[in-house]
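*Asks:* What follows is a predicted structure for the sequence shown.
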Amino acid sequence: CIRDRDGDEVLTHTGAFRRVIQPLKRYHKGKLLVIKAYGTVPVKVTPEHMVWVVKQIKHEKQVIFKGPEWLTVQELKEKLESETDPKVSYMLLQPVPEAYINLDKISLEDYRDNTEKSPKYLPLNFETARLIGLWIAKGSTSKNGVVTFTIERQMNGITSFLLKTIPSYFPHAKIAVEDHEGNGRTINFCSKHFAKWLREKIGDEAHQRRIPEVLLFNESRDVRLGLLRGLIEGKENKKGTNYLRTASPSIAYQIQLLVASLGYISFIDVAPRRNGTGKTEIPIYTITIADSSSSLLEELGFKALPK
């Protein structure tokens, strides 16, 4: 059963979000098709699902583009299977999302209890968005309200940022820093209301996490830049500032939308990784920002490539 609900907003081909005005409900019996386009996450759809494509014909001295046009996925599949000219390919067009949410703070009222001294709101700016981006990449919470960041010991810049930023927005929280055997370091503080917000809006398990829309589509470019900086700093990949890794397909696609909203292009590569010896392979998504120019690094606040 595939269903659009009344009140939902969907991303249209123009890049704008529009509210669903007529809920649709239909049943599909049969196989689903998987679109595996270069540079983005695979997606399962019904054969009659419409996609926006451009036909690309590569000649020796030029490339000719035809379209765009709407095709069903079944029609696209048939065109690909019947095409014999290696110079012909099809590109799947994705909209650049419109930053449409005009909010400068997150309400924590619903997550507060009467015994905890805590702020009613968390302002949204470069710093707080960076904090949340770091938590998405490197954080966890406990049921008793402890918010934890797990980083590497030599990440002194991140340590300094957390020790400065947390008390600025959570002045009553006690911060603990603990170095572990090997190269690990944890930085945590107790804030039950913020921990509940993180679990509800982002999620617990790494492979099921998502970026809240209030950050992803915020009108403030500074908020979106701070979010991207935090995500980059918390990456597992060591190749540089234009690489990020995640176990969540939703996060991977959302990062691609985030980068596009800032005016840059990114590509997603999927590769399996074993979850421990002899265990099931899980997909790992590597997002590469195509243009890591000095202008982007400057906007993100990087003076040099982080070690």
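*Replies:* Looks like it came in fine. Residues are numbered from 1 along each chain as shown.
*Asks:* what about Phe149, helix or strand, and which?
*Replies:* Per DSSP states H and E: Phe149 is located in strand 146-152.
*Asks:* Mind listing the strands that strand pairs with, and their directions?
*Replies:* Here strand 146-152 has these sheet partners by DSSP bridges: strand 139-141 (antiparallel), strand 184-190 (antiparallel).
*Asks:* what distance separates the longest one from the middle of the whole chain?
*Replies:* Once both centres are worked out by CA atoms, centre = their mean, to the nearest Å, strand 184-190 turns out to sit 23 Å from its chain's centre.
*Asks:* May I see the buried residues of the following helix or strand past it?
*Replies:* Next helix or strand after strand 184-190 toward the C-terminus (DSSP H and E): helix 192-201. Applying a neighbour-count criterion of 16 or more other CB atoms under 10 Å, one finds Lys192, His193, Phe194, Ala195, Lys196, Trp197, Leu198, Lys201 buried in helix 192-201. Bear in mind the C-beta positions are built from the backbone N, C-alpha and C, glycine included.
*Asks:* Return the residues in contact with the nearest residue to the last one once chain neighbours are set aside.
*Replies:* Which is Lys201. Nearest residue to Lys201, sequence neighbours excluded (CB to CB, 6 or more residues apart in numbering): Pro212, at 4.5 Å. When contacts are counted by CB atoms under 8 Å, 6 or more residues apart in numbering, Pro212 touches Ile132, Lys201, Ile202.
*Asks:* What number of residues are in the vicinity of Thr150?
*Replies:* Neighbourhood size, Thr150 [other CB atoms under 10 Å]: 15.
*Asks:* Make residue 1 into 160 and carry on from there
*Replies:* In the new numbering, first residue 160, that becomes Thr309.
*Asks:* quick one: contacts for it?
*Replies:* Applying CB under 8 Å, 6+ apart, the residues contacting Thr309 are Lys297, Gly298, Ser299, Gly343, Arg344, Thr345.
*Asks:* Quick check: the fourth one touching Phe308?
*Replies:* I take that to be Gly343. No - using CB atoms under 8 Å as the test, Gly343 is too far from Phe308 to be in contact (11.2 Å).
*Asks:* tell me which element Ala419 falls in.
*Replies:* Per DSSP H and E: helix 408-420 holds Ala419.
*Asks:* any chance of the contacts of Pro371 in a markdown table, plus pLDDT?
*Replies:* Shown next, in a markdown table, are the contacts of Pro371 (pLDDT from 0 to 100):
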| residue | pLDDT |
| --- | --- |
| Ile291 | 97 |
| Lys360 | 93 |
| Ile361 | 94 |
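*Asks:* So, low pLDDT: which residues of the stretch 260-409 of the chain?
*Replies:* 270-275, 395-400 (pLDDT under 70).
*Asks:* Run through the helices of the stretch 310-459 of the chain in chain order.
*Replies:* Counting by DSSP state H, counting those that start in this stretch, the stretch 310-459 of the chain has helices at residues 315-328, 351-360, 372-375, 380-392, 408-420, 453-459.
*Asks:* Quick one: list the elements packing against the first one.
*Replies:* It refers to helix 315-328. Counting contacts by 3 or more CB pairs under 8 Å, 6 or more residues apart in numbering; DSSP states H and E, helix 315-328 is packed against helix 285-297, strand 305-311, strand 334-338, strand 343-349.
*Asks:* out of these, which comes closest to Leu417?
*Replies:* helix 285-297 (9.6 Å; CB to CB).
*Asks:* okay, that closest one in CSV with CA atoms only?
*Replies:* Taking Å, rounded to 0.1, in the frame of the first residue of the first chain, the C-alpha atoms of helix 285-297 are listed here in CSV:
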residue,chain,number,x,y,z
PHE,A,285,25.8,28.4,13.0
GLU,A,286,27.0,27.1,16.5
THR,A,287,23.9,25.2,17.5
ALA,A,288,23.5,23.7,14.1
ARG,A,289,27.1,22.6,14.1
LEU,A,290,26.5,21.0,17.6
ILE,A,291,23.5,19.1,16.3
GLY,A,292,25.4,18.0,13.1
LEU,A,293,28.2,16.7,15.3
TRP,A,294,25.7,14.8,17.4
ILE,A,295,24.1,13.2,14.3
ALA,A,296,27.5,12.0,13.3
LYS,A,297,29.1,11.2,16.6
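*Asks:* Having no further points to raise, I will conclude here.
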